[in-house]
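Novice: Need a 3D model of the sequence below.
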Amino acid sequence: MTRVAPPPSPILDVAVAGAGPTGFVTALALRRALGPSLRIGVFDPGLARSGPADARASMIAADGRRLLQDIGGWPETAFPVSGLRITDSRLEDALRPTFLELDDAGRDEPFAHMVFDAELRARLRAAADDGEIPLRAEAIDGFHAGPGRLTLVLSSGENVSARLLVAADGARSLVRASARIATHAFAYDQTALVATLSHDGPHGGVAVQHFLPGGPFAMLPLDEGRSSLVWSERRETAATMAAADDAAFLAEVERRAGPDYGAIRLAGARGAFPLRFLLARSFVGTRVALVGDAGHVVHPLAGQGFNLALRDVAALARVVAEAARRGDDIGSDASLAPYERARRFEAASLGAATDGLYRLFSSSATRTLRDVGMGLVDRAPGLKARIVGAATGR
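Specialist: Next up, the predicted model:
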């Protein structure tokens, strides 16, 4: 049985707000970097609740896989991805020529792995229990700074002190708001429809992404005969599809997937998630560091959202460990400054790139230009290798 216990001390080295995958990875990575003497607590009112099974799966790059393995959070059910194929077409087109193909040829590890989000959450929570990381089923309602620490006000009314507060509490982060860190944010006119599918045709371990006028339609390989669907569609059409019965939904999936998959069936729950963009103006505040969706939310067309979060965590753990080894205050502005420099530029760059791709592929007027561009990339081995490296964290 999962243990939910109070922190071991009223004065924590690190408090983590949020017990989703990013929050658990943060706590586990910091514990691994700083050792068992680290006084840490994870706070999230959701720890007291059990929600419905998550229909989503994540494609995790090689560097993220290594981090999850190092902290004991890698699910044994991960599925290797051997490559990525990108097409650009209209829905009615009979043929969908491949304009860009990336694979793991010449490498000693897969391109990436697919992991069910629900299984990743369960494995991370088990690792937190094994590591005796204290969990509190309470929200951090606010905080104020004092000499050398923050005083956190919990939803129970209790006060807890911490030298560093990590916001892993998502895109609507209460910690970010309390720290008065501004954001640049807007909603896309798209919703992501997600599901686990079974199909008669083989996927060969290759992730396929069709850029269609309504948005990118991705079939991401799981075990043989199953794929994870991430279908980004205009909001109005997506609402119709989300409300449709299974037969009508699958008929539209088959139209977009093409004949290679054969007959397609549902193999799990369906879900729908509105898409948005968010970038925090700063990734640090007074004794506060933002990780994951608290700092950035990008369009899922590149599948890099959670990989970006894992790179945040790796960078923060490294920065905090270095400060601790020097004997410095781990929550000071000087200690956190390298984290800001290391992570905000990449997040801003990736956010701009995915937003640019979304707008490029949403415009039928630029189709010929973008197809020529993808064709040139596909024929340039050096450039392709750099793109694979950036996508996989190698």
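
Novice: Roughly how far does the residue of the chain positioned farthest from its centre sit from Ala323?
Specialist: Distance from the C-alpha centroid of the chain peaks at Pro147, with 34.6 Å (CA atoms, centre = their mean). Per CB to CB, to the nearest Å, Pro147 is found 18 Å from Ala323. C-betas here are computed from N, CA, C, even on glycine.

Novice: and stretch 288-304, what's its mean pLDDT?
Specialist: Throughout stretch 288-304, pLDDT has a mean value of 90.

Novice: Between the two ends of that stretch, how far is it?
Specialist: 24 Å (CA to CA, to the nearest Å).

Novice: ok, now stretch 154-164?
Specialist: 16 Å.

Novice: do stretch 55-68 as well
Specialist: 21 Å.

Novice: Same question for stretch 103-115.
Specialist: With CA to CA, one end of stretch 103-115 sits 19 Å from the other.

Novice: what about that stretch, average pLDDT?
Specialist: 78.

Novice: Could you list every helix and strand in contact with the helix with the most length in the chain?
Specialist: Counting residues, the longest helix found in the chain (DSSP state H) is helix 333-362. If you count contacts as 3 or more CB pairs under 8 Å, 6 or more residues apart in numbering; DSSP states H and E, helix 333-362 packs onto strand 215-221, strand 264-280, strand 284-285, strand 296-297, helix 305-326.

Novice: how does it look with 7 Å?
Specialist: strand 264-280, strand 284-285, helix 305-326 (3 or more CB pairs under 7 Å, 6 or more residues apart in numbering; DSSP states H and E).

Novice: May I see those organised as a markdown table, with distance to Leu220 added?
Specialist: Below are the helices and strands packed on helix 333-362 laid out as a markdown table (distance: least, CB to CB, whole Å):
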| stretch | distance to Leu220 |
| --- | --- |
| strand 264-280 | 13 |
| strand 284-285 | 33 |
| helix 305-326 | 13 |
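
Novice: Identify whichever of the ones you listed lies nearest to Arg125.
Specialist: helix 305-326 (16.0 Å; CB to CB).

Novice: any idea of the angle the closest one forms with helix 333-362?
Specialist: 170 degrees (axes from the mean of the first three to the mean of the last three CA atoms, to 10 degrees).

Novice: returning to that earlier point: now the helices and strands packed on helix 333-362 in a markdown table, with mean neighbour count and distance to Ala218?
Specialist: Shown next, in a markdown table, are these (neighbours: other CB atoms under 10 Å; distance: least, CB to CB, whole Å):
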| stretch | mean neighbour count | distance to Ala218 |
| --- | --- | --- |
| strand 264-280 | 17 | 13 |
| strand 284-285 | 22 | 33 |
| helix 305-326 | 21 | 13 |
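
Novice: So for Arg180, which of these sits nearest?
Specialist: Nearest of these (CB to CB): strand 284-285, 7.2 Å.

Novice: Over that closest one, what's the mean pLDDT, rounded is fine.
Specialist: Strand 284-285 comes out at a mean pLDDT of 97.

Novice: Show residues contacting it.
Specialist: Ala179, Ile181, Leu336, Tyr339, Glu340 (CB atoms under 7 Å, 6 or more residues apart in numbering).

Novice: returning to that earlier point: for Pro110, which of the helices and strands packed on helix 333-362 is the nearest?
Specialist: The nearest among the helices and strands packed on helix 333-362, by CB to CB, is helix 305-326 at 14.2 Å.
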